[in-house]
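# any chance you can model this:
(one chain, ligands or ions: 1)
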Amino acid sequence: MNPSFRMLLTIFLYEQSISLQLRNRFLADLYRATESIEQAKQEWKWICQELRELYPKDSKLHIQRKIIQACKLRGRKYPLQYILQTQPFGPLNIQCSPGVLIPRWETEEWVERTMPLLYSLLVPNPVRIMDLCSGSGCISSYISASFKRPHCLHIIDISSKALHVSAKNLLACKQDSSTLDTQFHKVNVLSAKKPMLNLLRNCHAVLCNPPYISPNEFYSNTDLSVRRYEPKHALIAQEDGNQFYKIIASYVFELLKDPLITKDALRLLVFEIGSSEQAKYVKNLFSGSTFHTTIWKDSANLDRTVVVQRT
Ligand SMILES: C[S@@+](CC[C@H](N)C(=O)[O-])C[C@H]1O[C@@H](n2cnc3c(N)ncnc32)[C@H](O)[C@@H]1O
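Just a heads-up that it's a prediction; the model follows:
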């Protein structure tokens, strides 16, 4: 055999054996996180592939170090999405970053189901839509990428980091010219009553996935991975998790008493909720003749969304 070919072959085999040793060693970490050998193997593939793509200029050694670090983190239940830095959401790949909630499939489902309601809104174009408690901006990014009716988006969150990530996501997903305007607002929904009233009075539709887990439930019932690594302020709400629904409903009712409010304002409000009890609570907030409310289940057959339509 040609000596230089033999040397190349030796290097190749050596690298292969190192990769195999690494893989076996760190599959154990991934197994600890996933509790399934198949899933652990799949995550190994994703981590290797994604880190190579994220750092194309790094040396093999650097990439291997990053892979090792990622697997160790994952072994401590660090969310895969923060390692891979993305999460699929409908047709999109939403950028994820620690400090910002990872989008969930449950949200993706109801957002998709809301689209026909947005199309059928009897309001003049552009449809003005609020993404309230926007986080990564997955909801508004989905709308921007899929909603073909001319529309404007108001994206609201208390967290600068979330707004920064949502701006990146909106920029990455914008696919056609039907999104006429996108505005980002750093607002505390719970305390900034006047700015909230001004923003709400100009919106036709509000889509809202607020924090809705009570402190008790958060510390006793959520996954370790969520509890340890996802932002608590994105998940926990006081008053049995109902604090946000209650205050948003109070703003809506205050606006509806205003003689200057137009018939086009606040035609549709869609809230994600966490339990049947919470669904009933939100439905009750909007009971009466002004609104028609419906509860949607998710594909796990759990109450997941309350849809409030102005009659
Ligand atoms: C459950 S996350 C939803 C994120 C995103 N809409 C989604 O579906 O993945 C709730 C969001 O509400 C934001 N938030 C928490 N408290 C807030 C407040 N007082 N005012 C405005 N936004 C708040 C958090 O920063 C977080 O991004």
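# neighbours of the closest residue to the ligand within the stretch 1-150 of the chain, how many?
Among the residues of the stretch 1-150 of the chain, Gly135 lies nearest to the ligand; the distance is 2.4 Å by CB to the nearest ligand atom. Using the backbone N, CA and C atoms, a C-beta is placed for each residue, glycine as well. Residues within reach of Gly135, counting by other CB atoms under 10 Å, total 29.
# can I take it that it is in a helix?
No - assignment of Gly135 by DSSP: H, G, I helix; E, B strand; the rest coil gives coil, placing it outside any helix.
# these two touch, right, it and Asn209?
Yes - between Gly135 and Asn209 there is a contact under CB atoms under 8 Å: 7.3 Å.
# identify the contacts common to those two.
With contacts defined as CB atoms under 8 Å, 6 or more residues apart in numbering, no residue is adjacent to both Gly135 and Asn209.
# which residues touch the closest residue to Ile236 other than its chain neighbours?
Excluding its sequence neighbours, the residue lying closest to Ile236 (CB to CB, 6 or more residues apart in numbering) is Phe218, at 5.1 Å. Neighbour list for Phe218: Arg227, Lys232, Leu235, Ile236 [criterion: CB under 8 Å, 6+ apart].
# not counting its neighbours along the chain, what's nearest Arg74?
Arg74's closest residue in space is Ala33 (CB to CB, 6+ apart), at 4.7 Å.
# next secondary structure after the helix or strand where that neighbour lies?
Here Ala33 sits within helix 3-34, counting by DSSP states H and E. Downstream of helix 3-34, the first helix or strand assigned by DSSP H and E is helix 37-54.
# could you list the buried residues of that next one?
Neighbour counts using 16 or more other CB atoms under 10 Å place Ala40, Glu43, Trp44, Ile47, Cys48, Glu50, Leu51 of helix 37-54 among the buried residues.
# what does it contact?
23, 26-27, 30-31, 33-34, 63, 66-67, 70-71, 74, 80, 83-86.
# what about 10 Å?
19, 22-24, 26-34, 36, 58, 60, 62-67, 69-71, 74, 80, 83-86 (CB atoms under 10 Å, 6 or more residues apart in numbering).
# hmm, back to that, average model confidence for the helix holding Ala33?
Averaged over helix 3-34, pLDDT sits at 73.
# hmm, back to that, make JSON lines from the buried residues of helix 37-54 and add pLDDT and distance to the ligand to it.
Converted to JSON lines, the buried residues of helix 37-54 look like this (pLDDT from 0 to 100; distance: CB to the nearest ligand atom, whole Å):
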{"residue": "Ala40", "pLDDT": "91", "distance to the ligand": "26"}
{"residue": "Glu43", "pLDDT": "93", "distance to the ligand": "22"}
{"residue": "Trp44", "pLDDT": "91", "distance to the ligand": "27"}
{"residue": "Ile47", "pLDDT": "94", "distance to the ligand": "23"}
{"residue": "Cys48", "pLDDT": "91", "distance to the ligand": "27"}
{"residue": "Glu50", "pLDDT": "91", "distance to the ligand": "21"}
{"residue": "Leu51", "pLDDT": "91", "distance to the ligand": "24"}
